[in-house]
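# 3D model of this:
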Amino acid sequence: MSDLSKARTYPTRPYLAVSAAIFRGGKVLIVRRGRAPAKGLYTLPGGAVELGETLEQAVIREIREETALEIEPIELVGFRQAIVRDASGRVERHFVILPFAARYVAGEIVLNEELAEARWLEPDALSALTTTEGLAQIISAAAAKVAALP
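Numbers count the residues shown, from 1 in each chain. Okay, here's the model as predicted:
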């Protein structure tokens, strides 16, 4: 576990994170987490906002780090709260996640060590996967934003 990961375990405050529903040719990029939190679940790529970054800068950086893709963030499409408690009820992890609708710009997927798999899927194919809570609603909202673009 990295020092940064350790600092986010049993935090003294929530951490702010971003993610992106990236669309390419009508399909959305879904990833499967390779480690905690949410190990094994399908979700959107993303991660923590660093000090001094705008939300847009953070989502561009996180997507590049996790997938090697270049994206264009369009608009925020909601929020999610991920609060994990241990067996004694203590907060082990606490993230507030701001998901973006985004367009694919360039690159081929190269996963980092945090992700086990990536797939470009039709948005309605999510029902066959075990996903993080609320993923289908976020992708639906993001698809509507992308579809409304000129």
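
# just for the protein, where's the confidence low?
Along the chain, the parts satisfying pLDDT under 70 run over 1-7.

# quick one, strands of it?
15-24, 27-33, 42-43, 46-48, 70-76, 80-85, 91-106, 115-121 (DSSP state E).

# who wins for proximity to residue 132 among these?
strand 42-43 (4.2 Å; CB to CB). In short, each C-beta sits where N, CA and C put it, glycine included.

# just how off-centre is that closest one within its chain?
The chain centre lies 8 Å from the centre of strand 42-43; the measure is CA atoms, centre = their mean, to the nearest Å.

# what residues does that strand touch?
19, 30, 31, 32, 33, 126, 129, 130, 131, 132, 135 (CB atoms under 8 Å, 6 or more residues apart in numbering).

# of those, which is the most crowded?
Within the contacts of strand 42-43, residue 19 tops the neighbour count with 26 neighbours, counted by other CB atoms under 10 Å.

# any chance of a markdown table for the strands of the chain, columns distance to residue 55?
As requested, the strands of the chain are arranged in a markdown table below (distance: least, CB to CB, whole Å):
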| stretch | distance to residue 55 |
| --- | --- |
| strand 15-24 | 6 |
| strand 27-33 | 19 |
| strand 42-43 | 18 |
| strand 46-48 | 11 |
| strand 70-76 | 7 |
| strand 80-85 | 14 |
| strand 91-106 | 6 |
| strand 115-121 | 21 |
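
# ok, which of those strands comes nearest residue 62?
Nearest of the strands of the chain (CB to CB): strand 46-48, 4.2 Å.

# I'd say residue 61 and residue 55 touch.
No - Residue 61 is not in contact with residue 55 according to CB atoms under 8 Å; the separation is 10.8 Å.

# as a quick check, tell me the outermost residue of the chain.
residue 88 (27.8 Å; CA atoms, centre = their mean).

# got the contact list for it?
No residues are in contact with residue 88 under the rule CB under 8 Å, 6+ apart.

# tell me the phi and psi of it?
The phi/psi pair for residue 88 (degrees, to the nearest 10) reads phi -90, psi 0.

# for residue 10, see how far away it is.
Distance, residue 88 to residue 10, by CB to CB, to the nearest Å: 11 Å.

# and if you look at residue 59?
Applying CB to CB, the value for residue 59 to residue 10 is 26 Å.
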